[in-house]
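> sequence first, then the predicted structure:
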Amino acid sequence: MAPSMIHRLAERDGSSSRLIRTTNAFAGMGLAPITAALGLSAYVVLDRHFGKGIGVIGGSSLTALAAIGWFGLELLTGLQTKIRAMEQSTTPLSIKIDQLLTEARVIIPGGQALFGFQFLAMLTSGFDKLPQTVKALHATALVLIAINVVLLMTPAALHRLSFGGEDSQAFFKMGSAFVIAAPLFLAGGIALEFYVVMQKIHASEGWAGAASALIFLGLFALWYVLPLALRHGRSRSGHPIQRKVA
């Protein structure tokens, strides 16, 4: 999600070489924990049903396969890409709106998946054993995630129903506001759910609260503070934002 927020806040909806480099960097950083998570998840499932040996083999194999597919091919083939400087130009409104709607569609699935798991968790026996305050926090998180999904889906509905699918500066400003505001609710929902998980694992309100606060501050810094800092740095340097018609 960070590249989308950097595009909205730091680059002011324009395209630049810095945006491409940042997106590539975040893509790599995002795939690294997924690689480890795939292997660990496979180990847990296989170990439970077939024993530790099969779990280790299956988890290691899946981790290696993902690492080769996502990181190793560039090293094996020696392929490298160079980002060329973009010519400074004005991005057409139609391109900006298409990028806006695309970014909203990219963020929506994560919120929807989490929203579904939140409902499923409330039907388990383990959830029934949690303290009532923790259940209330889970319900609050569910509401925050729901608001996030609604806000992200609003630009598409607004564009189609209110503006008849036509591109306009008024819609672009409204849509951008929804896409920028939505992740704040997602960060709050994730932080509260992390509190619920930590409370379930350690039964310690102190540790759960500290971990939840760190998660929220980390997401807020990544999705809002960093893009605004990059925007401020670009403004102070006096370099114009380079744009290119996609």
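Looks like it came in fine.
> quick check: what element follows the worst-scoring helix or strand of the chain on mean pLDDT along the chain?
Ranking every helix and strand in the chain by mean pLDDT, DSSP states H and E puts helix 73-77 at the bottom, with a mean of 70. Going down the chain from helix 73-77, the next helix or strand is helix 93-121, by DSSP states H and E.
> which of the residues in that next one are buried?
By neighbour count on 16 or more other CB atoms under 10 Å, the buried set for helix 93-121 is 95-97, 99-101, 103-104, 107-108, 110-112, 114-115, 118, 121. Every residue, glycine included, has its C-beta placed from N, CA and C.
> try stretch 191-200
Of the residues in stretch 191-200, those buried by neighbour count under the rule 16+ other CB under 10 Å are 191-196, 198-199.
> what does stretch 28-46 give?
Those buried within stretch 28-46 under the rule 16+ other CB under 10 Å are 35, 38-39, 42-43, 46.
> just the closest of these to L76, please.
Comparing the buried residues of stretch 28-46 against L76 with CB to CB picks out T35 as the nearest, at 16.3 Å.
> now, which of the buried residues of stretch 28-46 lie within helices?
Using DSSP state H to define helices, the subset of the buried residues of stretch 28-46 located there is 35, 38-39, 42-43, 46.
> turn the residues you listed into JSON lines, columns for pLDDT and distance to A66.
JSON lines is the format used below for these (pLDDT from 0 to 100; distance: CB to CB, whole Å):
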{"residue": "T35", "pLDDT": "90", "distance to A66": "5"}
{"residue": "L38", "pLDDT": "90", "distance to A66": "5"}
{"residue": "G39", "pLDDT": "92", "distance to A66": "8"}
{"residue": "A42", "pLDDT": "92", "distance to A66": "10"}
{"residue": "Y43", "pLDDT": "93", "distance to A66": "13"}
{"residue": "L46", "pLDDT": "91", "distance to A66": "16"}
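> could you dump those residues into a markdown table and include distance to A203?
Conversion of those to a markdown table gives the following (distance: CB to CB, whole Å):
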| residue | distance to A203 |
| --- | --- |
| T35 | 31 |
| L38 | 29 |
| G39 | 29 |
| A42 | 29 |
| Y43 | 26 |
| L46 | 29 |
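> now V134: how far from A208?
9 Å (CB to CB, to the nearest Å).
> for the two, list the residues in contact with both.
Any residue near both V134 and A208 by CB atoms under 8 Å, 6 or more residues apart in numbering counts here, and that gives 195-196, 199.
> domains in the chain, by residue range?
Using automatic domain parsing, the domain ranges for the chain come out as 16-85, 89-238+242-246.
> pick the most buried one from the ones you listed.
Per-residue neighbour counts averaged over each of the domains of the chain give the maximum for domain 89-238+242-246, namely a mean of 16 (mean count of other CB atoms under 10 Å).
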